[in-house]
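**Q** Fold the following.
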Amino acid sequence: MWQRSQLKQKAKQVLRGNYWQAFIVSLIILITGGSHNRGEVGSSRGAETTNIINIDFQFALFVALVILILVFLRILLGYALEVGGRKYFIRLSQGDSDLSNLGFAFREKRYFNIFITMFLRSIYIFLWTLLLIIPGIIKFYAYRMVPYILAENPEIKPGKAIKLSQEMTQGEKWNIFVLDLSFLGWFILGALALGIGIFFVQPYYDATNAGLYLNLKQKSISSK
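**A** Now for the predicted structure:
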């Protein structure tokens with residue numbers, strides 16, 4: 001049985017001497033993972049109502065365009081970079097800090113299979129969320145290990161990767177949820193530091209999750 005304290009302690013150990021490299025990987029995952037920039041629209045004193053409407057409409061179009069670009073990047077680049085980032089943190093947990101692992105998903109014939117699997121994962125979570133929020137959250141945790149599985153098995157069939165993730169997280173979803181909650185204080189502190197602090201917490205979180213995957217993987221192997 002894995003323990004939160006052990007996972008976090010292990011994460012701190014693997015980040016020693018590799019923090020800034022891990023920081024770059026985490027930052028890339030965040031940027032290509034669908035992060036949204038917030039914007040505010042002000043009004044000019046004495047402007048006509050029609051001009052205000054035009055400005056609001058133009059701003060709405062701009063925001064929509066930014067969101068479309070982010071979604072586009074997430075689909076074409078984000079999936080592969082996320083899986084590559086997960087591979088980096090898995091290997092970092094095993095003592096290998098090779099930054100080239102970040103781009104491994106773009107090599108040979110891996111990209112297409114990784115793209116399809118991650119896209120299906122997103123669709124499934126979205127559809128479950130449409131039913132109710134709670135089922136969507138449950139499935140989010142059920143499919144949590146998919147990018148890690150792809151990181152070690154890039155040619156695995158999409159259905160099998162999703163099934164393996166469900167098996168690995170069976171009976172563990174609540175524990176993983178509590179693990180996420182244990183980082184809440186760190187992320188709040190990061191948000192208070194003009195939001196920039198969140199980026200510095202992320203490597204710690206990513207390294208901990210890589211350790212979680214390795215523990216769940218070992219548990220799954222031992223139970224067979």
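**Q** where's Phe177 relative to Phe140, distance?
**A** Taking CB to CB, to the nearest Å as the measure, Phe177 falls 10 Å from Phe140. Bear in mind the C-beta positions are built from the backbone N, C-alpha and C, glycine included.
**Q** Ok, Pro158 next?
**A** 17 Å.
**Q** For this structure, which segments count as helices?
**A** Taking DSSP state H as the test, the helices found in the chain are 4-15, 19-31, 49-73, 79-93, 110-131, 133-142, 146-152, 158-168, 173-181, 184-192, 197-222.
**Q** Pick out the shakiest of those helices, pLDDT-wise.
**A** Between the helices of the chain, the one with the least mean pLDDT is helix 49-73; it has a mean of 67.
**Q** in stretch 154-171, what counts as buried?
**A** Of the residues in stretch 154-171, Pro154, Ile156, Pro158, Ala161, Ile162, Leu164, Ser165, Gln166, Met168, Thr169 count as buried by neighbour count, 16 or more other CB atoms under 10 Å.
**Q** Could you pull up the residues touching the fifth one?
**A** Meaning Ile162. By CB atoms under 8 Å, 6 or more residues apart in numbering, Ile162 lies in contact with Thr117, Leu120, Arg121, Tyr124, Tyr143, Val146.
**Q** contacting residues around the second one?
**A** Going back to what we said before, that points to Leu120. For Leu120, the set of contacting residues under the criterion of CB under 8 Å, 6+ apart consists of Pro158, Ile162.
**Q** same thing but at 10 Å, please
**A** Contacts were defined as CB atoms under 10 Å, 6 or more residues apart in numbering; by that measure Leu120 touches Tyr143, Val146, Pro158, Gly159, Ala161, Ile162.
**Q** and if you look at the first one?
**A** For Thr117, the residues meeting the contact criterion (CB under 10 Å, 6+ apart) are 79, 83, 146-147, 149-150, 154, 156-162.
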